[in-house]
Structures are given as structure tokens and as C-alpha cells.
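A.B. asks: Using only what follows, build the 3D model:
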Amino acid sequence: MFCLWPSLWLQPGTQVCFVNWQRVHKLASLQKATALPQKKVQSLLYPFSALEAYLDRSVDRTQFQLFHPSLEDMVKAEKFFCSTQSHRIDYYVSAERMDHVPALKPPEVCFIGRSNVGKSSLIKCLFSLTPELEVRVSKTPGHTKKMNFFRVGKAFTVVDMPGYGHRAPTDFVDMVEPYLHTRKNLVRTFLLVDGSVGLQKADMIALEMCEEMRRPYVMVVTKIDKCGSGTLLCNLMDLQDVVKTQTTSCFPQPLLVSSLQFWGIYLLRCFIAHVTGSIRLTDTSRS
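C.D. replies: Have a look, this model is predicted:
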């Protein structure tokens, strides 16, 4: 399966994404990742696969594999996260209020989450093939104080929202709620939860806010490299129980990621390209 890369990447007529590999992480691209041993590649592409061995046979795995695109689809999606002359990726503007938010036509996705959950780090990782793009990342919680808009060519826009909870901007609710409620081109909200600590009270408040908006959103479990498999699975099962019993607008499958190890980054790129209509998948689930 993983030996298909060269034929996929070098199809006739394909615009090549030129990357200065000296400036990017060695796992930023599937071209590098697929050179690893197959078991390692499987964990990078589908992080949940590394946890399956620890699950009881009675546990239903279906909801964890609803979005299970092929390697071919991930290759197609990756190209949208690499800047070219005809597909510029850039920071566009920051906004503190809705009247400062730019009127952009392309589909939009936004990332919200508790302060220090790793939002900016995740966005920086998603765009790691475009190292010249400045995504400010800080070890200090609450660093993002404004809504930051990143244009991905004419395909879609990514919005980094301020964090909630500790050191959140005092006007967080006034800033974020109107955006989520009125932004017509917003196609998906990604609600980030720290996989090493699980759902917190502030996360539940954010989840309730997303439910009130009745707009589609997805749970993204971050920092899955920061804890053992047992802790991660317990937190994941608790999260799945909440999604199953307390949500109606949340996509049933949580997306697991590590911005440090690049686990799940290719899958998340593919999901974003899919929901923004940038690519048409050959298959969206595991057969």
C-alpha cells in the first residue's frame, strides 16, 4: 500500500510543490513519512490504530473509523497545505470584533480550545510545508488574543481563535460567539481537547456553546504523545461517551493528533480539504 507514493506524486500534469526540506520537519510530508517502517507509517496516518490493541474486543470501533481516507486522498489533500506561485498561503489579518472580521468568500474552518491546548502549534504543524508562514506559538497560555485569519490560496481559510479558560481575553465570548453564529462561510469548527487530561469544565462549556449554535463541529484530541496509552484511552472513552449522549452537531469520530510527532496531521489535512470541498475523496471510510 505505502509503495504507491512515487506514482501518485509524479502523475502527469501535477503541479509540483517545491519545498526547502532543510527548513521543515522530516515528517512534514507524506513523501518522507512513507519511507518509514510500515507499522510506524500506519500510526502516523491513522493514530487510533496504535490504540486498538489495548481495547477490549467488545468495544465498538466503528465510530473511530468513519473517516478513513486512502493514502491517495491524503496525497491530494497535502498539496493544498504547500504554498506555490498559483496557490499562496499567507497570514491575512487579525480581528478583535466581528466588525473587524474580513469578508472572505472561500469556505472557512476555525480552531477553538482551552488556553495551552496547542491550537497555534497544531496550525503551525498543518502548514509545516510552508515554513515561511508565520504562526506565532508561545509556551505562555492565552497567547492568542485575536482571531487570526490564514488564507490557503483561493481554496479555504483557517482561523485561529483565542483560547478560553486560563488567561482568556476578557471579551472572549463577545468575540467568538458572534463569529460562530453568523459566519456564513464557516463549514466546520474544530474543538480541541488535551488528550493527556481529557475533557475539562471549560471544554464542556465550549461544547455546549457549539451545540447551541447547531453548526457542525469536530473534536480534535491533541497532545496524544504526552501520556500513556491507558490514560489516553480512558480520556478518549469518556469523550466518546459525551459525544454520543450529549451532542447532536458533533462529528462522531474524534481526530487524534500530535503536533510534535505528526501523528494524525495528514488525516486532519485530508479532513479539512474534504469538508471545504477542495478534494473529492475516493473513499471516506474503512471497508
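A.B. asks: I'd like the mean pLDDT over stretch 73-88, please.
C.D. replies: The predicted model assigns stretch 73-88 a mean pLDDT of 95.
A.B. asks: Give the buried residues for it.
C.D. replies: By neighbour count on 16 or more other C-beta atoms under 10 Å, the buried set for stretch 73-88 is 73-83, 87. Quick note: C-beta positions are derived from backbone N, CA and C, even for glycine.
A.B. asks: Tell me which two of those residues sit farthest apart.
C.D. replies: Based on C-beta to C-beta, the longest span within the buried residues of stretch 73-88 runs between Asp73 and Ser83 and measures 20.8 Å.
A.B. asks: What separation do you get for Glu114 and Thr222?
C.D. replies: I think there's a mix-up here, since residue 114 is Arg and not Glu. Between Arg114 and Thr222 the distance is 10 Å, computed by C-beta to C-beta, to the nearest Å.
A.B. asks: Give me the common contacts of these two.
C.D. replies: Counting by C-beta atoms under 8 Å, 6 or more residues apart in numbering, the common neighbours of Arg114 and Thr222 are 192-194.
A.B. asks: just to revisit the earlier point, who has more neighbours, Arg114 and Thr222?
C.D. replies: With neighbours defined as other C-beta atoms under 10 Å, Arg114 and Thr222 compare such that Arg114 has more, 27 against 24.
A.B. asks: Could you give the average pLDDT over the longest strand anywhere in the chain?
C.D. replies: Using DSSP state E, we find that the single longest strand of the chain is strand 186-194. Averaging pLDDT along strand 186-194 yields 97.
A.B. asks: what's the answer for stretch 231-248, then?
C.D. replies: pLDDT averaged over stretch 231-248 gives 95.
A.B. asks: how about the strands of the stretch 51-200 of the chain, start to end?
C.D. replies: Using DSSP state E, counting those that start in this stretch, the strands assigned to the stretch 51-200 of the chain run over residues 89-95, 108-113, 147-152, 156-160, 186-194.
A.B. asks: Relative to Asp60, which of these is closest?
C.D. replies: Evaluated with C-beta to C-beta, these place strand 186-194 nearest to Asp60, the distance being 20.6 Å.
A.B. asks: Please find the angle between the direction vectors of the helix or strand following that closest one and strand 108-113.
C.D. replies: Sequence-wise, the next helix or strand downstream of strand 186-194 (DSSP states H and E) is helix 201-213. Orientation note: helix 201-213 sits at an angle of 150 degrees relative to strand 108-113 (axes from the mean of the first three to the mean of the last three C-alpha atoms, to 10 degrees).
A.B. asks: which residues touch Lys105?
C.D. replies: Residues near Lys105 by C-beta under 8 Å, 6+ apart: Asn185.
A.B. asks: The same query, at a cut-off of 10 Å, please.
C.D. replies: Lys105 sits next to 154, 157, 184-185 when contact means C-beta atoms under 10 Å, 6 or more residues apart in numbering.
A.B. asks: Double-check Phe156 against Val275; I have them as touching.
C.D. replies: Yes: using C-beta atoms under 10 Å, Phe156 is in contact with Val275, at 8.8 Å.
A.B. asks: which one of these two has more residues nearby?
C.D. replies: Phe156 (23 against 18).
A.B. asks: If you drop the residues flanking it in sequence, what lies closest to that one?
C.D. replies: Closest residue to Phe156 apart from its sequence neighbours, by C-beta to C-beta, 6 or more residues apart in numbering: Thr276 at 3.9 Å.
A.B. asks: Just say helix, strand or coil for Gly266.
C.D. replies: For the record, residue 266 is Tyr, not Gly. Under DSSP: H, G, I helix; E, B strand; the rest coil, the three-state class of Tyr266 is helix.
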